[in-house]
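In: Show me the folded form of this:
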Amino acid sequence: MFVATLVASGALSQEDIADAVGRLATAGCAPVDSKWLDEGKAADIFFGFDPVAARAVLTGIGERVDVIVQLAEGREKKLLIADMDSTMITVECIDELADYAGIKPQIAEITERAMRGELDFAGALHERVALLKGLADAAIDQCREERVVIMGGARELVRTMKARGATTLLVSGGFTRFTGPVAEEIGFDAAVANVLEIADGALLGTVTVPIVDAARKRAELEAAIEGGIDRALTLAVGDGANDIPMIQGAGLGVAYHAKPKTREAAAAEIVHGDLSVLLYAQGIASAEWVVR
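Out: The predicted model follows:
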């Protein structure tokens, strides 16, 4: 049995659900039942066949409605592995840090191309960090305090999953000076990121190697699976090309407001809503969320 979870950024109507059931029936997916998770906001539709066809026919349904299609069994996950920049927080930290050096447009262009998969991630990281050479160490904390905003739904997602027994891991191609405080604020169990090299109160323009890249993100997922977590019970979420391997390796891999290559590679995506969509996708209604 499969389930299609519909989550509206605005309102979800009974007509939207009826439309979805009709589309699934026409596509031969054999819908059998539907139920509200939160009336007017999120609903599940259960069906028997062809999740690929189901995703295709449900894409674009309603107004600002996200649809997650997956196996009904095992939908509640035991591992969350998540990207940070533009996923768990609303900004790209290196771009904001570059603003304190007066070179944000230059670095932001490289970041965008790297996240789109147009540049080698490692090369792009080293190039951008080199441009920050000489920036005061104090600018990092100032940037984090002034610019970093937690993504909507992030705290609820992480804290609710942890309360229900899941492991949560933040894995970032960014920097530990950001991921440490962000992981603590949101509630992650652990965080992995790159280390900026600093001396005499200023950035040296280098990071320690090996860096946290796409392969490392996938390796962290695989290590958790080798540690005893069933792959089917893993959830990975990110937005950039460097997130693709971990998204493809997870039981449910989700592209979050993502770049085109990442959207194409993922079996599920969030286009309209925030990270709370991933709680609905696990069958968890808002009354069950941990909000503090």
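In: low pLDDT regions in the protein?
Out: Residues of the chain meeting the criterion pLDDT under 70: none.
In: And the strands in it?
Out: 2-8, 31-38, 42-47, 65-71, 79-82, 167-175, 190-194, 196-199, 202-207, 234-238, 252-256, 268-270 (DSSP state E).
In: Of all those, which one comes closest to Leu135?
Out: strand 202-207 (4.8 Å; Cβ to Cβ). Using the backbone N, CA and C atoms, a C-beta is placed for each residue, glycine as well.
In: what would the strands of the chain look like in a markdown table with mean neighbour count and distance to Ala25?
Out: Supplementary listing: those in a markdown table, determined by neighbours: other Cβ atoms under 10 Å; distance: least, Cβ to Cβ, whole Å:
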| stretch | mean neighbour count | distance to Ala25 |
| --- | --- | --- |
| strand 2-8 | 24 | 12 |
| strand 31-38 | 16 | 6 |
| strand 42-47 | 22 | 9 |
| strand 65-71 | 22 | 15 |
| strand 79-82 | 26 | 33 |
| strand 167-175 | 23 | 38 |
| strand 190-194 | 20 | 45 |
| strand 196-199 | 15 | 55 |
| strand 202-207 | 18 | 53 |
| strand 234-238 | 28 | 29 |
| strand 252-256 | 26 | 25 |
| strand 268-270 | 24 | 22 |
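In: could those strands go into a markdown table alongside distance to Ser276?
Out: Below are the strands of the chain laid out as a markdown table (distance: least, Cβ to Cβ, whole Å):
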| stretch | distance to Ser276 |
| --- | --- |
| strand 2-8 | 8 |
| strand 31-38 | 10 |
| strand 42-47 | 9 |
| strand 65-71 | 10 |
| strand 79-82 | 13 |
| strand 167-175 | 15 |
| strand 190-194 | 21 |
| strand 196-199 | 32 |
| strand 202-207 | 33 |
| strand 234-238 | 12 |
| strand 252-256 | 12 |
| strand 268-270 | 10 |
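In: which one of those strands lies closest to Val91?
Out: Short answer: strand 167-175, nearest of the strands of the chain by Cβ to Cβ, at 10.2 Å.
In: Hmm, Asp200 and Gly134 touching each other?
Out: No. Applying Cβ atoms under 8 Å, one finds Gly134 not in contact with Asp200, separated by 10.3 Å.
In: okay, now Val291: neighbour count?
Out: 8 (other Cβ atoms under 10 Å).
In: so what's the closest residue in space to it that isn't next to it in sequence up against?
Out: Excluding the flanking residues, the one nearest Val291 by Cβ to Cβ, 6 or more residues apart in numbering is Glu156, at 5.7 Å. If you count contacts by Cβ atoms under 8 Å, 6 or more residues apart in numbering, Glu156 has them with 275-276, 279, 289-291.
In: same thing with Met246?
Out: Met246 makes contacts with 81, 171, 214, 217-218, 220-221, 236, 238, 253, as judged by Cβ under 8 Å, 6+ apart.
In: Ala18: which of these is nearest?
Out: Of all those, Gly253 has the smallest distance to Ala18: 29.6 Å, by Cβ to Cβ.
In: correct me, but that closest one touches Arg263?
Out: No. Using Cβ under 8 Å, Gly253 makes no contact with Arg263, being 11.3 Å away.
In: thinking again about what came up before, tell me the one of the contacts of Glu156 nearest Ile244?
Out: Lowest distance from Ile244 to these (Cβ to Cβ) belongs to Leu275, with 18.8 Å.
In: Contact partners for the residue nearest to Gly48 when sequence neighbours are not counted?
Out: Of all residues not flanking Gly48 in the chain, Ala30 sits nearest, at 3.8 Å (Cβ to Cβ, 6+ apart). Taking Cβ under 8 Å, 6+ apart, we find Ala30 in contact with 24, 47-49.
In: Which phi and psi values does Gly201 adopt?
Out: phi 80, psi 20 (degrees, to the nearest 10).
In: ok, it - contacts?
Out: 136-138.
In: Among those, which lie within helices?
Out: Ala138 (DSSP state H).
In: would JSON lines of the contacts of Gly201 with neighbour count be doable?
Out: Output for the contacts of Gly201, formatted as JSON lines (neighbours: other Cβ atoms under 10 Å):
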{"residue": "Ala136", "neighbour count": "13"}
{"residue": "Asp137", "neighbour count": "14"}
{"residue": "Ala138", "neighbour count": "11"}
